[in-house]
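>>> Predicted model follows, preceded by the sequence.
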Amino acid sequence: MKKYLYLFLLIFMITSCTEDVKFNNPAFQTLKDNVFWRAQDYKAYTTTTGNLIIEGYLGFEKVTLQTNSLSPQTYTLGKNDISKASYSNTLSTQTEEFTTGTNIGNGQIVITEYNTENNTISGTFKFTAVNTNAENTEKTQINFSEGVFYKVPVSVSSNFNAN
């Protein structure tokens, strides 16, 4: 009788163990001021001038990365307004905006792969952005580190101005 009980318990343990694997493909995630931040929604698109814009959204928060091309390389932030990064929170009680630009903030966007068959982009990023509201002395900058965007679909945008 004990043998049947042990056999039953063994079978129960084997069949009750399941492995719930959750793939994060595609993905957009980072550490925002050393706290894990994962976008619920993300998109990437090119402008008619050839710039690449990658956006990640989490509720009222948005992280935007911009480079001047889709080419796999390292884009340095804080040198110009072509390659830049920004963060905004549009929640009415916490409205804030941080950005990099010409001699503002620092960091880098590294595009590691642009897949032309699937039209997806992958890479890493890190940046420190400055608060656009100079009067806000409580939070003057925000830091993003260990950022990853993986296989984010890229669409071609048409930014034509109708005259």
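Cool, got the structure.

>>> the helices in this structure, which residues?
2-16 (DSSP state H).

>>> where does this structure have low pLDDT?
1-24, 157-163 (pLDDT under 70).

>>> Which parts of this structure are strands?
27-32, 35-38, 41-46, 52-58, 61-67, 74-77, 84-89, 96-99, 106-115, 120-131, 141-156 (DSSP state E).

>>> Please spell out which residues along the third one are buried.
Counting neighbours by 16 or more other CB atoms under 10 Å, one finds that the buried residues in strand 41-46 are 42-46. To be clear about C-beta, it is placed using only N, CA and C from the backbone, and glycine gets the same treatment.

>>> ok, those vs residue 98, which is closest?
residue 42 (18.6 Å; CB to CB).

>>> got the contact list for the spatially closest residue to the closest one that is not a sequence neighbour?
Once flanking residues are discounted, residue 42 sits nearest to residue 28: 4.0 Å by CB to CB, 6 or more residues apart in numbering. Applying CB atoms under 8 Å, 6 or more residues apart in numbering to residue 28 gives the contacts 38-39, 42, 54, 56, 63, 148-150, 152.

>>> how near is residue 28 to residue 136?
To residue 136, residue 28 is 26 Å away according to CB to CB, to the nearest Å.

>>> same question, residue 87
14 Å.

>>> center of this structure, which residue is that?
Central residue of the chain (CA atoms, centre = their mean): residue 28, 3.6 Å from the mean position.
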